[in-house]
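**Student:** Next comes the sequence, and after it the predicted model I'd like to discuss.
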Amino acid sequence: MVKDIDREGLTIQTHDGTQRLNARTVIWAGGVTVSPLGRTVAKRTNAETDRGGRIKVNSDLTVPNYPDIYVIGDLALAQGPGDKPLPGVAQVAMQQGTYAAKAIVRKLAGETEIKPFKYFDKGDMAVIGRWSAVANIFGAHISGFFAWIIWAFIHLMYLVQFQSRILVFIQWAIQDLTFNRGARLITGPAATDFNFDKEIASSHKDTRAA
Ligand SMILES: Cc1cc2nc3c(=O)[nH]c(=O)nc-3n(C[C@H](O)[C@H](O)[C@H](O)COP(=O)(O)OP(=O)(O)OC[C@H]3O[C@@H](n4cnc5c(N)ncnc54)[C@H](O)[C@@H]3O)c2cc1C
């Protein structure tokens, strides 16, 4: 745990006590928090949240006391095997999305017994450099170019629409051939970011004006 940052470096707390790391440049690259929508839902439903704002959901991914509100993906704090929370990764979000959609269709068809959500862990992957990745697939550890090929194939296949796959493939090829890594940096709000609180505040203003 980082305890202090100053001009000369930072102080960290380890199991063995306090340690000092000297550095003139410190880059803070951790910390994920939920979108404002998550906080609004939690506030209005009085739902329990964790430190990052994730909403604690039932085993069927609904908000406690609200059987018709499903919370999935990064907004949800769902229990996995051994009562550990499921990680905030795409694989979890995608499986939860499919589960919630099916559960809603079944409820509409009059089914009352919906089985709890069960996460199927297919493994982990990460790109660690140019044409290089690490992968842990069903217990098998792969690294290097072969792992990158699998990573690229899986990610392309999960993109919606054939056209998107071709476009992303061309972008990746150009970036890798020209050593241009800038396109992978996120340096500001994403184009799709939506400020829920601001929208709600302005809609209230409009209603009052009317
Ligand atoms: C830098 C980074 C690297 C990552 N790398 C990996 C990785 O290698 N592998 C992996 O599995 N996972 C990775 N993740 C995590 C992964 O991206 C998330 O777990 C996944 O995207 C969660 O999906 P989601 O649908 O819950 O949320 P999101 O993908 O965040 O989608 C939520 C969407 O809702 C929109 N939205 C928010 N509020 C509103 C509103 N009020 N109205 C309408 N729309 C709204 C947002 O704009 C967004 O488009 C990474 C995340 C980050 C930030």
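**Tutor:** Sure, I can see it. Quantities reported herein were computed from a predicted structural model and do not represent experimental measurements.

**Student:** Near whatever residue of the chain ends up closest to the ligand, how many residues? Count them for me, please.
**Tutor:** Per Cβ to the nearest ligand atom, the residue of the chain with the smallest distance to the ligand is G73, at 2.0 Å. C-betas here are computed from N, CA, C, even on glycine. For G73, the count of nearby residues is 21 (other Cβ atoms under 10 Å).

**Student:** now swap in D74 and tell me
**Tutor:** Residues within reach of D74, counting by other Cβ under 10 Å, total 19.

**Student:** pLDDT wise, what is it at?
**Tutor:** D74 is assigned a pLDDT of 94 by the prediction.

**Student:** That one contacts Q96, doesn't it?
**Tutor:** No - contact status for D74 versus Q96: not in contact, 10.1 Å apart, counting by Cβ atoms under 8 Å.

**Student:** Around N136, how many other residues sit close by?
**Tutor:** Under the neighbour criterion other Cβ under 10 Å, N136 is assigned a count of 16.

**Student:** typed the wrong thing, it's G82
**Tutor:** A count of nearby residues for G82, using other Cβ under 10 Å, gives 5.

**Student:** likewise K84?
**Tutor:** If you count neighbours by other Cβ under 10 Å, K84 ends up with 8.

**Student:** just P36 next, same as before
**Tutor:** Residues lying near P36 (other Cβ under 10 Å) number 17.

**Student:** repeat for V71
**Tutor:** The local packing count at V71 equals 26, with neighbours defined by other Cβ under 10 Å.

**Student:** pretty sure it is touching V41, no?
**Tutor:** Yes - at 6.8 Å, V71 counts as touching V41 under the criterion of Cβ under 8 Å.

**Student:** which neighbours do those two share?
**Tutor:** Common neighbours of V71 and V41 (criterion: Cβ atoms under 8 Å, 6 or more residues apart in numbering): 55, 63.

**Student:** Not counting residues beside it along the chain, what's closest to the residue of the chain closest to the ligand?
**Tutor:** Once its chain neighbours are removed from consideration, G73 has its nearest residue in A93; the separation is 3.4 Å (Cβ to Cβ, 6 or more residues apart in numbering).
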